[in-house]
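In: Here is my input; please provide its structure:
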Amino acid sequence: MRLITLALAALLLLIQYPLWLGKGGWLRVKDFEAQVDTAHKKNAELIARNAKLDSEVRDLKDGTGAVEERARYELSMIKQNEIFIQIVGKGQAAALPPLAPKPSDN
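Out: Now for the predicted structure:
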């Protein structure tokens, strides 16, 4: 009787092995689910970034407002006959805008 019990227990363990550690076992499935979740999060971030870039490209293609805004804030450019005024708070250093080249008399 004891031999039959041991044999059945061994068979039960052999049957359980593929379920837990085999090719399609629970542990591997959980690992793949974690990888899929990570990939979905990364894709969502990339989709949001692409949408932002697409919007910016469309704005740059269609209107001059975005180009002007970038020139003003990133390059400190000003229009002709426009006065540049910068208000500096206490303890802040004044950032001087680049000077426009003087027209040469050729």
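In: separation between Lys61 and Gln80?
Out: According to CB to CB, to the nearest Å, Lys61 stands 25 Å off from Gln80. For every residue, glycine as well, the C-beta is placed using N, CA and C.
In: out of those two, which sits in the busier spot?
Out: Set side by side, Lys61 and Gln80 show more neighbours around Lys61, with 9 against 5, by other CB atoms under 10 Å.
In: what sits against that one?
Out: By CB atoms under 8 Å, 6 or more residues apart in numbering, no residues touch Lys61.
In: does it sit in a helix, a strand or a coil?
Out: Three-state assignment for Lys61 (DSSP: H, G, I helix; E, B strand; the rest coil): helix.
In: And the residue nearest the centre of the chain, what's its pLDDT?
Out: Nearest to the mean C-alpha position of the chain, counting by CA atoms, centre = their mean, stands Glu45 at 4.6 Å. Glu45 is assigned 97 on the pLDDT scale.
In: Please give the element, helix or strand, for it.
Out: When elements are assigned from DSSP states H and E, Glu45 belongs to helix 26-62.
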